[in-house]
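A.B. asks: need a structure here:
(one chain, ligands or ions: 1)
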Amino acid sequence: MLNVYTIEFPGTAYLPLQLENGQNLSEHLTVHNSPVLFGCRTGLCGTCLVGVVGEVVAPGEEQQEILDNLAPGNPSARLACQINLSSDLQISSLTK
Ligand code: FES
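C.D. replies: From the prediction side, this is the model:
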C-alpha cells in the first residue's frame, strides 16, 4: 500500500501538495506549485535551503557542512533537493 503525504507551505498562497512516500522533492516541486527554488538538485549549491517541520532524515556530512554555512544552528534547516518524503511536511523559506 502506498503512503501519501501532504506538503504544506505555511504563510504562502501555495496550495498543499500530496506526494507518495519516498518521492524526492526536487522531482516534484516546481516554480508553479511551490515557493522552493532549485539549482543543482544534487545537494551542492544551497539554493533549495528551507526550514522543515516534519520527519526528515538527518542530513549527511556534506549536507550538514552546507547547512552549517547557510543556516548555522538551525536544526530544522534542510536542502529540499535532498529530501525523500517520509512524513507530512511543512516547508518554509529560510531567508537570511
Ligand atoms: S538545489 Fe542545489 S543544493 Fe538543492
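A.B. asks: Just give the closest residue to Gly44, not the sequence neighbours.
C.D. replies: You called it Gly, but residue 44 is Leu. Ile66 (7.5 Å; Cβ to Cβ, 6 or more residues apart in numbering). All C-beta atoms are positioned from the backbone trio N, CA, C, and that covers glycine.
A.B. asks: Might you report the residue contacts of the one you found?
C.D. replies: Ile66 is in contact with Gly43, Leu44, Gly46, Leu79, counting by Cβ atoms under 8 Å, 6 or more residues apart in numbering.
A.B. asks: Please tell me how far Val56 sits from Gln18.
C.D. replies: 17 Å (Cβ to Cβ, to the nearest Å).
A.B. asks: Tell me where the model's unsure across this structure.
C.D. replies: Applying pLDDT under 70 to the chain flags residues 1, 95-96.
A.B. asks: Let me see the ranges of the helices in it.
C.D. replies: For the chain, applying DSSP state H gives helices covering 61-70.
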